[in-house]
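Peer 1: the sequence and its predicted three-dimensional model are supplied below.
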Amino acid sequence: MPPGCSSPLRSWPVVRRRVMRWSPVRLVGPGLALTVACGPPATVAPPSLDAPDPVPPGAVELRRDLLVLASDSFRGRETGTPDERRAAEFLASRAAATGLSPAGDSGYIQRIPLTRTTVGSGTRFILRDSHGETHTLTGLRPLLELGPDLPPMRRHAEGAIVFAGFGLERPGNGDDLAHVPIAGRVVVVVNGAPSTSDATRRAALESPASIAVRLQRILPLHPAAVIMLLTGASADVYESAARSLARGALRAADATDGQRIAASGPASETPLVVLGLPTRGSPLLPPHWPRDDRPQPLHVQRLTATVDVEERVIESYNVVATIPGRDTARRRTWVALGAHYDHLGVQPPVRGDSVAHGADDDGSGCVALLAVARRMSEGPRPSRSILFVWHTGEEKGLLGSAYFTAHPTVPIDSIVALIDADMIGRNAPDSLYVVGPGTAPRDRSRTLGAIVDSVNATLPTPFLFNRTWDVPTDPRRIYYRADSYPYGEHGVPVVLLTSGPHADYHQVTDIPARVDYAKLTHVARLMFALTDALANRAVRP
């Protein structure tokens, strides 16, 4: 173990560092299966890894592990790739070296069967005009799903085409969606702004976040399909969709479209959603667009859309390890710690760097689990056993955590609490978001929340907790997007610790040199103290 790292976590110093400024991140919306880039412009160069920020005492091992996990050699740790497998093997080797016991189905590895769905060569978009002639449309990108919790998306759609303008409620003109029939039609809508909009409103209406807002308005009206034409900043999503289609969509292998349709019925399918770009003279737009942006039926008679899909089963991996408890009466109960090790893989290059390193998201949580494991293995074993789960597939829709809770390697009802760490190494040094105690159903996590508060108060420098996201009405739906969510749905008390997004979120610039190792040490110390308290507590939280 490196110098300065051999003492228990309780003695790790808390070193104050500068505040990292950040701005809110706009996402496409809950469940939309696209990764939308946000953060600094492409002209920002990442700092050199040869000259990282000074590392405070006690954080050497955190930086050492993170430099490996977030390195180029793992190529962004994308789920379902050989890079993910090598990252899993790295974590398993660290767990073994620490002396943890394996708890997967193959040593430290829990194998996860997934289905990868890609768009096949038979995908067609055929227009039939008023003269009965047919034309093939090109340049459209069908989405394969909007989210794992929604019914499967239709693979075939046919209907008359209507243009729904911008899908807005316009002052003096009413609701765009009320001017044309929607049910059973192919609805074309522009993710943009009327020409009369000022710069602020235009930026909002052209943003990637507006895609989800418009879909949430249109889909309940039962269209046959929605063609979303992207303008402004949202046009970048078109290219993101192309990359996503090339990679394919992942889902649990035991949740095929056929099974989901049979269980719910064809009527509950999600309407087909297709992305495109508005071009002058397109048959999907009024003849005098953009001067004429009124909602109206189009002259073409019908669109027939067929999305051909190809599926194959692949294998993915969670990494699972344990420290057995010392108390014979409580060693069969578990305090679980979780983090996700997957990230976004290889992305469009920024100043020559194309690897999405994921140092903070969620390399920081992964190495914190390793640090807690090392400290736990050094000292007296706690009364309860400790379970460490490095989940995969969080970025693809909580695939790893959903699989583990459905196929746990320890009885799920024996897990007394889950501490989930996701992005814990950035932003203000003494602030932390806490999510779960106020959001999990039936108040089952409130006692855990109180324990978190009491443990935090014992730290030499307690965190200032922010609970803005820990309410059921949180528009960001952070609780539902974290790996703690499947555990909460299975009755486990949960708490998510996160320092929140920043300008490097989901960018190739999320690199180890930008992590605040003093803060990461501080959060790891809280996690250790909380784990120790829960593992030695006489009753379950």
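Peer 2: In hand now; what should we look at? Numbers count the residues shown, from 1 in each chain.

Peer 1: contacts only, for the closest residue to His490 other than its chain neighbours.
Peer 2: Distances taken as C-beta to C-beta, 6 or more residues apart in numbering put Thr405 closest to His490, at 4.8 Å, once the chain neighbours are dropped. (C-beta placed from N, C-alpha, C; glycine too.) Neighbouring residues of Thr405 by C-beta atoms under 8 Å, 6 or more residues apart in numbering: 412, 486-487, 489-490, 492.

Peer 1: what do you get for Ile419?
Peer 2: Counting by C-beta under 8 Å, 6+ apart, Ile419 has contacts 335-338, 495, 497, 527, 530-531.

Peer 1: against His156, how distant is the residue nearest to His490?
Peer 2: Relative to His156, Thr405 is positioned 34 Å away (C-beta to C-beta, to the nearest Å).

Peer 1: what pLDDT does the closest residue to Ser73 other than its chain neighbours get?
Peer 2: Nearest residue to Ser73, sequence neighbours excluded (C-beta to C-beta, 6+ apart): Arg86, at 7.7 Å. On pLDDT, Arg86 comes in at 97.

Peer 1: what do you get for the one 5 residues further on?
Peer 2: pLDDT for Leu91: 98.

Peer 1: pretty sure it contacts Trp390?
Peer 2: Yes: Leu91 is within contact range of Trp390, at 5.1 Å (criterion: C-beta atoms under 8 Å).

Peer 1: pull up the overlap in contacts between the two.
Peer 2: Jointly contacting Leu91 and Trp390 under the rule C-beta under 8 Å, 6+ apart are 319, 341, 366.

Peer 1: need the contact list for the second one.
Peer 2: Contacts for Tyr341 were tallied using C-beta under 8 Å, 6+ apart; they are 69, 77, 84, 87-88, 91, 319, 362-363, 366, 390-392.

Peer 1: ditto for the last one
Peer 2: Contacts here follow C-beta under 8 Å, 6+ apart; on that basis Cys366 touches 65, 69, 91, 339-341, 390.

Peer 1: who's in contact with Thr98?
Peer 2: Counting by C-beta under 8 Å, 6+ apart, Thr98 touches 370, 373-374, 377.

Peer 1: most neighbours, which of those?
Peer 2: The most crowded member of these, judged by other C-beta atoms under 10 Å, is Leu370 (26 neighbours).

Peer 1: what lies in contact with stretch 462-475?
Peer 2: Contacts of stretch 462-475 (C-beta under 8 Å, 6+ apart): 430-439, 452-453, 456, 476, 478-479, 500, 522-523, 526.

Peer 1: let's go with 10 Å and repeat that
Peer 2: Contact partners of stretch 462-475, identified using C-beta atoms under 10 Å, 6 or more residues apart in numbering, comprise 14, 29-30, 428-441, 445, 449, 452-453, 455-457, 476-480, 482, 495-500, 519, 522-523, 526.

Peer 1: turn the contacts of Tyr341 into CSV, including distance to Ala421 and secondary structure.
Peer 2: Listed next are those as CSV, based on distance: C-beta to C-beta, whole Å; DSSP: H, G, I helix; E, B strand; the rest coil:
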residue, distance to Ala421, secondary structure
Leu69, 14, helix
Arg77, 16, coil
Glu84, 19, helix
Ala87, 17, helix
Ala88, 18, helix
Leu91, 14, helix
Val319, 15, strand
Asp362, 7, helix
Gly363, 11, helix
Cys366, 8, helix
Trp390, 11, strand
His391, 11, strand
Thr392, 15, coil
